[in-house]
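K.L.:
Quick one, structure for this:
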Amino acid sequence: MAAYSVIASNWFPSMERGLFNSLILSGIAAGAMISGFSAGALCSSPILGGWPSVYYLYGGLGIVQCVCVQVFLYESPKVHPGITDKERNYILYYQEADLSKKRPPKPWKDIIRSVPVYAMTFAMFGAYWAAAHLLSVHPIFLTTMLHFSLEESGFIVSLTFIIQIMISFSTSFASNWLSRQNLVEVDKLRKGINFLACLGYSLGLLGVYFVGCYRAMSNLLAIIGMSFSGFVFGGCMIVPIDMSPTFAGTLMALSSTVASSAAFILPVIYGVLIQEEQSLEQWNKIYFISIAILMSSGIIFCLFGSAEVQPWNYVPEDKMRNNGLSDATPGNRTEETDNGVEAVIHL
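P.N.:
Now for the predicted structure:
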């Protein structure tokens, strides 16, 4: 995620970040959906070798992906040999990241003292918590309390990911249109979308609490509610790039590292509350904990978060000189595009 954030901040113009990031990050849900379907089929197929074929297939795909990245991916439009000057100037004109060969020093003090950074990290923790609930805890609820088979449980989870992808795609185009029309500020747009994800997910879990073990309604409410997590791809997940295009990789690395702790905290809580007593009452405790975390993360991000470029994204000239970057980055050059727009190019 950190490497992706660096590439995205270098390539995406500011007004198109929401669209492209949402589309690309929805690949997370798409990968989970496809692997959920294919892994079950591979494991049950004696012709393909059973469960070892899963590792061979995904390992091979990982190698193919690595080769594609090495061959086709370039760090920034400045070094890409296949785009025109018009395209390059357009990207650079709407670019807020420092694309100099030598990266400026990271403003650690400013990052650590930044309240929006902590709010974004907690929002991302809520998003990771929602994903962990869907992937690791909810399938157990389906099989133990609602008595679905493993195959049915896998299909239900995959169906949730399908709806997530649809929501993510719809959100990306809608947010891009709202931003281009100047109808909603990017900051309010990111916060609103992220809060909608938390609210919808929480209402779905609350509905499961009220209907209990009524299979059809409980499953329907869970699918609808958990599908709302698709909104986070247009919310907190792309805020690091909004806050600091220059240091987006650093912000994403810090935030995602903390947020990923949800993936092991939730199973521990499950083990403490439910492992010895599989009852609806104990499961409801899990749901209320998840609701509390999701809603608090959404509210805190709305109150204290920010999707605006932070002042420390722009490194002062004296720090550049002190770190020996002034010679490497002597200044900016402006070039006029075919449309008469002057593009500022960071050298």
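K.L.:
quick one: the strands in the protein?
P.N.:
Taking DSSP state E to define them, one finds strands in the chain at 332-336, 342-346.
K.L.:
Show me what the mean pLDDT comes to for the last one.
P.N.:
Strand 342-346 shows a mean pLDDT of 42.
K.L.:
How about the first one?
P.N.:
In this model, strand 332-336 carries a mean pLDDT of 41.
K.L.:
going forward can the numbers begin at 145, since that is how I track them
P.N.:
Got it, first residue is 145 now, which makes that one strand 476-480.
K.L.:
Go ahead and confirm Asn165 touches Pro157.
P.N.:
No. Here Asn165 lies out of contact with Pro157, judged by CB atoms under 8 Å, at a distance of 11.8 Å. In short, each C-beta sits where N, CA and C put it, glycine included.
K.L.:
Which one of those two is surrounded by more residues?
P.N.:
Asn165 (25 against 14; other CB atoms under 10 Å).
K.L.:
how close does Met370 sit to Ser166?
P.N.:
Look at Met370 and Ser166: by CB to CB, to the nearest Å, they are 18 Å apart.
K.L.:
What residue spans form the domains of this structure?
P.N.:
Domains of the chain are assigned by the TED database as 145-243, 251-462.
K.L.:
ok so, going back, Met370 and Ser166: which is more packed in?
P.N.:
Ser166 (28 against 25).
K.L.:
Skip the chain neighbours and tell me the closest residue to that one.
P.N.:
Using CB to CB, 6 or more residues apart in numbering and skipping residues adjacent in sequence, the residue nearest Ser166 is Ser316, 3.2 Å away.
K.L.:
Pull the contacting residues for the one you found.
P.N.:
Gly162, Leu163, Phe164, Asn165, Ser166, Leu167, Ser170, Phe377, Gly378 (CB atoms under 8 Å, 6 or more residues apart in numbering).
K.L.:
will you turn those residues into JSON lines that also has distance to Thr304 and pLDDT?
P.N.:
Supplementary listing: those in JSON lines, determined by distance: CB to CB, whole Å; pLDDT from 0 to 100:
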{"residue": "Gly162", "distance to Thr304": "23", "pLDDT": "69"}
{"residue": "Leu163", "distance to Thr304": "23", "pLDDT": "74"}
{"residue": "Phe164", "distance to Thr304": "24", "pLDDT": "77"}
{"residue": "Asn165", "distance to Thr304": "21", "pLDDT": "75"}
{"residue": "Ser166", "distance to Thr304": "18", "pLDDT": "73"}
{"residue": "Leu167", "distance to Thr304": "19", "pLDDT": "76"}
{"residue": "Ser170", "distance to Thr304": "13", "pLDDT": "75"}
{"residue": "Phe377", "distance to Thr304": "14", "pLDDT": "84"}
{"residue": "Gly378", "distance to Thr304": "18", "pLDDT": "84"}
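K.L.:
For the buried ones among the residues you listed, write the corresponding ChimeraX selection.
P.N.:
Paste this into ChimeraX to select the buried members of the contacts of Ser316, with burial taken from 16 or more other CB atoms under 10 Å:
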select :162,163,164,165,166,167,170,377,378
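K.L.:
list the contacts for Ile368?
P.N.:
For Ile368, the contact set (CB under 8 Å, 6+ apart) comprises Ile307, Gly344, Gly348.
K.L.:
Give me the distance between the residue nearest to the last one when sequence neighbours are not counted and Leu294.
P.N.:
With CB to CB, 6+ apart as the measure, Gly369 is the residue that lies nearest to Gly348, at 1.0 Å, once sequence neighbours are left out. Computed with CB to CB, the distance linking Gly369 and Leu294 is 22 Å.
K.L.:
And the two? Which one has more around it.
P.N.:
Gly369 (22 against 11).
K.L.:
correct me, but the more buried one touches Cys342?
P.N.:
No. Taking CB under 8 Å as the definition, Gly369 is not a contact partner of Cys342, at 10.7 Å.
K.L.:
need the least confident one among the domains of the chain, by mean pLDDT.
P.N.:
Mean pLDDT is lowest for domain 145-243 out of the domains of the chain, coming in at a mean of 78.
K.L.:
To what extent is Ser293 buried, counted in neighbours?
P.N.:
Number of residues near Ser293 (other CB under 10 Å) recorded here: 10.
K.L.:
and it, what are its phi and psi?
P.N.:
Backbone torsions for Ser293, taken as degrees, to the nearest 10, come to phi -70, psi 170.
K.L.:
The residue lying closest to it once chain neighbours are set aside: what's it in contact with?
P.N.:
Setting aside the residues directly before and after it, Ser293 is nearest to Thr287 in space (CB to CB, 6+ apart), at 7.4 Å. Contact partners of Thr287, counting by CB under 8 Å, 6+ apart, are Ser293, Leu294, Ser297.
K.L.:
now do 10 Å
P.N.:
Listed by CB atoms under 10 Å, 6 or more residues apart in numbering, the contact set of Thr287 reads Ser293, Leu294, Glu296, Ser297.
K.L.:
same question, Tyr218
P.N.:
Taking CB under 10 Å, 6+ apart, one finds Ile151, Asn154, Trp155, His224, Pro225, Gly226, Ile227 in contact with Tyr218.
K.L.:
Please identify, among the residues you listed, the one with the most neighbours.
P.N.:
The most crowded member of those, judged by other CB under 10 Å, is Asn154 (24 neighbours).
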